[in-house]
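Chemist: Take a look and give me a structure for this.
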Amino acid sequence: MHFTFLVNPAASSGQAVASWQVLESYLKEQATDYEERFSQRTGDIKEWTRLFAKYQQASDQTLVIVGGDGSLNEAINGAMAYSNANQLPLAYIPAGSGNDFARARQLPTDPVAGFKRILTNVTAGTPERIDIGEYVDAIKREHRYFVNNVGIGFDATTVKLANASTHKKILNKLKLGKLVYLSALFKTFSLQDTFQIELDVNQRRHYFNRGYLLTLSNHPYFGGGIKIMPDADERDGLIDLIVIERPKVFIKLFVILAQLMRGKHYQYKEVHRFTATQIRIRTARLEFGHADGEELGSRAFDMVATTQPYPFW
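Modeler: Numbers count the residues shown, from 1 in each chain. Got it, this is the predicted structure:
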C-alpha cells in the first residue's frame, strides 16, 4: 500500500510543517511505503491532484492532503477538473488554522491519529461519501467546488482583513489564530455596508434590501469553529444558506452576532435560513467573496449553488 502526501508548508503560517515532521517520523518507524511533495505556491496541490486523478491507476495508491481547508479545496478542485464521473477518493490530515472541515467530521488534529484512521478506512476499502458544494457563476463564468463555505459580505470582508493581518503569522505560531479572525471581525463593522440580495430557492424568489452576511455551507461551522448553521447536514444532498440582514438599530447587530457565536441566532427576524437542492444568488453591487477562506475578490455575483457526494478516506 503506497501513500502520496501533498503537504502545504504554508498552512497555519508554517505549523503544518511541524505536523508533517511528527507524521514522517511515525511513517519511517512503521516502514510505510510513501512519498511526499511540498507545495511552493498556490495552485500546486490543485495541479498535482489533477494529474494524480488523470494518471494514477493503481488501486493500492492513496493520496493524502496535509494542510488547511484551503489545501483541501485545491485538491477537490484539482480532482474534479479532470473528471467528476470517476472520482478519486481523498484522504485528509488537518494542519490549518481553521480546520472547519475536520471539525465537522470530528477528524483528529493529531497527525499520527489521523493517519491511523485513514489506514483503517483504506484497508477496509470503504471511502465515506460526504457532500461537497459546487457553484457556477454566470458573471465570471466560473465553476468551482468547496468543502466548507462560500461567503459574500461580512464574513468575506473579515476573511480579507484576516488574510492581510500583519499579526497572522505570529498568532498562528502561538496557536492563537482565532484572535486574528476576531480582530478582523471587529474591523469589518466599520467597513461593511448593506447590499441587495435576490434568491431563487424552492421555486420561490426572495429579496433582501439590507443584506449584511450571506453564507453557503455543507455543514455547521465557519470561521474556525463558529456554528453558523447548527442544523446543517453534510450527507443530505442539500445546500444550506443563511442570510443575515443588518438591523436598523445598529446595537442589535452586535446582539445577533454575539448569539451567532453561541449558535443561538435563528430566533431573530433578520436571520433567514434556507435549505434546497439548488439555490441561485444574485448581488448587484461589488462585494467581497470567499470560498473556503480563499478570496474571490470584490465583485457582483450571479451564482447557482448545489452539492454532490464525494468519497473521502
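
Chemist: Could you give the bridge partners of Phe5?
Modeler: Counting by DSSP bridges, Phe5 is bridged to Glu36, Val64.

Chemist: okay, now it: neighbour count?
Modeler: By the criterion of other Cβ atoms under 10 Å, Phe5 has 21 neighbours. The way it works is simple: take the backbone N, C-alpha and C, and place the C-beta from them, glycine included.

Chemist: now swap in Ile130 and tell me
Modeler: 18.

Chemist: go on, the one 10 residues further on?
Modeler: Residues lying near Lys140 (other Cβ under 10 Å) number 16.

Chemist: Let me know whether it touches Arg299 as I believe.
Modeler: Yes. With contact defined as Cβ atoms under 8 Å, Lys140 reaches Arg299; the gap is 6.8 Å.

Chemist: Who are the contact partners of the residue lying closest to Thr277 once chain neighbours are set aside?
Modeler: Once flanking residues are discounted, Thr277 sits nearest to Leu238: 6.0 Å by Cβ to Cβ, 6 or more residues apart in numbering. For Leu238, the contact set (Cβ atoms under 8 Å, 6 or more residues apart in numbering) comprises Asp131, Thr275, Ala276, Thr277, Thr307.

Chemist: Please repeat the previous calculation with a cut-off of 7 Å.
Modeler: Neighbour list for Leu238: Thr275, Ala276, Thr277, Thr307 [criterion: Cβ atoms under 7 Å, 6 or more residues apart in numbering].

Chemist: cool, and Arg129?
Modeler: By Cβ under 7 Å, 6+ apart, the neighbours of Arg129 are Pro309, Tyr310, Pro311.

Chemist: any idea how far Asn73 is from the second one?
Modeler: Okay, so that is Tyr310. 12 Å (Cβ to Cβ, to the nearest Å).

Chemist: Which residue of the two possesses the greater neighbour count?
Modeler: Asn73 (25 against 22).

Chemist: Within the helices and strands, which one has that one?
Modeler: helix 69-82 (DSSP states H and E).

Chemist: again with Glu134
Modeler: Per DSSP H and E: strand 128-137 holds Glu134.

Chemist: Which neighbours in the sheet does that strand have, and how are they oriented?
Modeler: Sheet pairing of strand 128-137 (DSSP bridges) gives strand 142-146 (antiparallel), strand 294-312 (antiparallel).

Chemist: For Leu213, which of those is the nearest?
Modeler: strand 294-312 (14.0 Å; Cβ to Cβ).

Chemist: That closest one versus helix 69-82: what angle between them?
Modeler: Interaxial angle of strand 294-312 relative to helix 69-82 (axes from the mean of the first three to the mean of the last three Cα atoms, to 10 degrees): 70 degrees.

Chemist: Could you tell me which residues within strand 294-312 count as buried?
Modeler: Glu294, Leu296, Arg299, Ala300, Phe301, Met303, Ala305, Thr306, Thr307, Tyr310, Phe312 (16 or more other Cβ atoms under 10 Å).

Chemist: which intervals of this structure have sub-threshold pLDDT?
Modeler: 13, 57-59, 83-85, 165-183 (pLDDT under 70).

Chemist: Run through the helices of the stretch 1-150 of the chain in chain order.
Modeler: 15-29, 44-55, 69-82, 100-105, 111-124 (DSSP state H, counting those that start in this stretch).

Chemist: Would you enumerate the residues in contact with the nearest residue to Phe115 once chain neighbours are set aside?
Modeler: Once flanking residues are discounted, Phe115 sits nearest to Leu23: 6.0 Å by Cβ to Cβ, 6+ apart. Leu23 is in contact with Ile93, Pro111, Val112, Phe115, counting by Cβ under 7 Å, 6+ apart.

Chemist: List just the nearest of the residues you listed to Phe189.
Modeler: Ile93 (35.6 Å).

Chemist: Which helix or which strand is home to Arg273?
Modeler: Applying DSSP H and E as the criterion places Arg273 in strand 271-276.

Chemist: quick one: that strand to strand 294-312, angle?
Modeler: Using the same axes, to 10 degrees: strand 271-276 against strand 294-312 is 40 degrees.

Chemist: Just list what strand 271-276 packs against, helices and strands only.
Modeler: Helices and strands touching strand 271-276, by 3 or more Cβ pairs under 7 Å, 6 or more residues apart in numbering; DSSP states H and E, are strand 239-245.

Chemist: After the strand it packs on, heading C-terminal, what element do we hit next?
Modeler: helix 250-261.

Chemist: For that following helix, buried residues please.
Modeler: In helix 250-261, counting by 16+ other Cβ under 10 Å, buried: Leu253, Ile256, Leu257, Leu260.

Chemist: Go through these and name the one nearest Ala11.
Modeler: Scanning the buried residues of helix 250-261 for proximity to Ala11, where the rule is Cβ to Cβ, the winner is Leu260, at 26.1 Å.

Chemist: Tell me who's in contact with that closest one.
Modeler: Per Cβ under 7 Å, 6+ apart, neighbours of Leu260: Ile226, Ile228.

Chemist: Cheers, nothing more for now.
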